[in-house]
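K.L.:
Using only what follows, build the 3D model:
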Amino acid sequence: MGERVAVIGGGVAGLTAAYLLRDKYEVTLFEKDGRLGGNAHTISTSDGLSFDIAAAVFGKNSYANFHRLLKELNVETCSFNGGGVTWRNLDSKETDGIAWTWRGLKAQRFAMFSPGTFYAILRSFVNMHRGKRYFEEGKLEGLSMREALKLLPPFDRDALRLHLFVLCLVSSMYYEDVMEGPASYFFGKMIAHRDFFLNPVFGLFQAAGNTKSYVDALASKSGAKVMMNSRIKSVARPETGPVLKMDDGSGERFGKVIFACNADQALRLLEQPTTDERRLLGAWKYQDGPIVVHKDRSSFPEQERYCLFTFLYTERDGKTHTSVNGHIRNLKSVPDDCPYISSQHPNFPIADNLIEYRKVFRTPIYDRASAAAIKELPSLNGKLNTFYCGSHFGFGLHEDCVNSAAAVAKMLGAEWK
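P.N.:
Numbers count the residues shown, from 1 in each chain. The predicted model follows:
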């Protein structure tokens, strides 16, 4: 084996880096949790079902290298059509949505084909395309989403919710944070996530064996030594090579260290961060995003109107708050009558006896400072035998995890061919 490399973080970025380095280096992967995968998280329920509760569905076009990686790992995938989205005001109980399946269209009484609704949706897509053109022309630089939307013709209220609620879904951010976030980032994200916005009927896929199938494949085929529940206190970087210092006082020296964890976690671990590391890693803020898996449908519309996602929202004191609720029955790994709902940032009461699982995910906040840092993050790689990768190197996708890990591997002489 070659030089010893430490990878800190067992999410998709860290696992991909370990896999790509497998033939040239002796890799040890450190994960602080008791499982691998990060937001690729498959659970098994008390009644014997297994399904994903966070990352689950991907775009065929916007996840090109991730899809390539799954093929290389012989991970089976299948096409996906979740049937659309529904949104409901928790106060007024007003419900609307867009369905892409016969069952969903029938349940919504073909409302999207009424002249008013159809033209409102059509206008909204024309508006969003105009916004994307402004993005490409650089006209959105320095503007928030709220400011950028004022440059566009007025949106129909429900059509605007459709786009912005889906942005909450794909960024794991609250509505008001999206509205105050940088317009150039979020319009860029719509382009990167184009399958979700433009081709949701034929452009999506999922891992047939849930996300656990590719997490397990990456871990086993990387040949890395995996240290679960690791407690790294700090990372020193003398000329002789990085030293990982543990909470128990022990230490271990490596030739290289790859941080595949959150930016703020990497900064806290570094004993003597450089000025650029302080500036670029310090630009990131994170929030705890609770996810609750449950069977409580009391706040939801009638089950016939469920699509892949239901956005439950309130409009109070001039602010909108929405929760993202995925109906698990739409996934291919469970029966059609699966009763579970995965609710992120729940803003409604959930009966304790109907809760199956709770989990808090740390998710990045894409604000002006962090979005501006993205382009410069690769400049940190290679200095003091230190490298970085993760979804924050782009738009927060698995694709960004794979691409940034591949870039690190290439710098270390293990180019992915």
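K.L.:
going forward, measure contacts and count neighbours with C-alpha atoms only.
P.N.:
Will do.
K.L.:
Averaged over its residues, which helix or strand of this structure has the lowest pLDDT?
P.N.:
None of the helices or strands of the chain scores lower by mean pLDDT, DSSP states H and E than helix 102-107, at a mean of 60.
K.L.:
Where do the strands of the stretch 1-150 of the chain begin and end?
P.N.:
Assigned by DSSP state E, counting those that start in this stretch, the stretch 1-150 of the chain shows strands spanning 4-8, 26-30, 42-44, 50-52, 58-59, 77-80, 84-89, 95-99.
K.L.:
Quick one: low-confidence residue ranges for this protein.
P.N.:
Within the chain, the stretches with pLDDT under 70 are 1, 81-83, 99-121, 155-156, 158, 195-202, 304-305.
K.L.:
quick check: domain ranges of it?
P.N.:
What automatic domain parsing lists as the domains of the chain is 4-42+209-284+367-411, 77-206+297-349.
K.L.:
just to revisit the earlier point, which among the strands of the stretch 1-150 of the chain is found nearest to Glu376?
P.N.:
Comparison of these against Glu376 by Cα to Cα identifies strand 4-8 as nearest, at 20.7 Å.
K.L.:
other SSEs contacting the closest one?
P.N.:
Judged by 3 or more Cα pairs under 8 Å, 6 or more residues apart in numbering; DSSP states H and E, strand 4-8 is in contact with helix 12-20, strand 26-30, strand 256-259.
K.L.:
re the thing from before, would TSV of the domains of the chain with mean neighbour count and distance to Ser50 be doable?
P.N.:
Converted to TSV, the domains of the chain look like this (neighbours: other Cα atoms under 10 Å; distance: least, Cα to Cα, whole Å):
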stretch	mean neighbour count	distance to Ser50
domain 4-42+209-284+367-411	20	7
domain 77-206+297-349	18	7
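K.L.:
Compare the ones you listed and give me the one nearest Ala64.
P.N.:
Short answer: domain 4-42+209-284+367-411, nearest of these by Cα to Cα, at 7.3 Å.
K.L.:
Helices of the stretch 251-400 of the chain, start to end?
P.N.:
Listed in chain order, the helices of the stretch 251-400 of the chain (DSSP state H, counting those that start in this stretch) span residues 263-269, 275-281, 368-373, 398-411.
K.L.:
and of these, who's closest to Phe205?
P.N.:
Using Cα to Cα and comparing the helices of the stretch 251-400 of the chain, the one that lies nearest Phe205 is helix 398-411, at 13.2 Å.
K.L.:
Quick one: distance of that closest one to the chain centre.
P.N.:
16 Å (Cα atoms, centre = their mean, to the nearest Å).
K.L.:
could you give the angle of that helix to helix 12-20?
P.N.:
Angle, helix 398-411 to helix 12-20, by axes from the mean of the first three to the mean of the last three Cα atoms, to 10 degrees: 40 degrees.
K.L.:
let's number from 13 now, not from 1
P.N.:
New numbering, starting at 13: the last item is helix 410-423.
K.L.:
Helix 410-423 - contacts with which helices or strands?
P.N.:
Applying 3+ Cα pairs under 8 Å, 6+ apart, we find helix 410-423 packed against helix 24-32, helix 76-84, strand 398-400.
K.L.:
Make JSON lines out of those and add distance to Phe321.
P.N.:
Shown next, in JSON lines, are these (distance: least, Cα to Cα, whole Å):
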{"stretch": "helix 24-32", "distance to Phe321": "24"}
{"stretch": "helix 76-84", "distance to Phe321": "23"}
{"stretch": "strand 398-400", "distance to Phe321": "33"}
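K.L.:
Ala66 is nearest to which of the ones you listed?
P.N.:
Across the helices and strands packed on helix 410-423, closest to Ala66 is helix 24-32 (Cα to Cα), at 13.3 Å.
K.L.:
so the closest one versus strand 16-20, what angle?
P.N.:
Calculated by the same axes, to 10 degrees, helix 24-32 forms an angle of 160 degrees with strand 16-20.
K.L.:
Can you list the helices and strands that helix 24-32 packs against?
P.N.:
Packing contacts for helix 24-32, counted by 3+ Cα pairs under 8 Å, 6+ apart, involve strand 16-20, strand 38-42, helix 222-234, helix 410-423.
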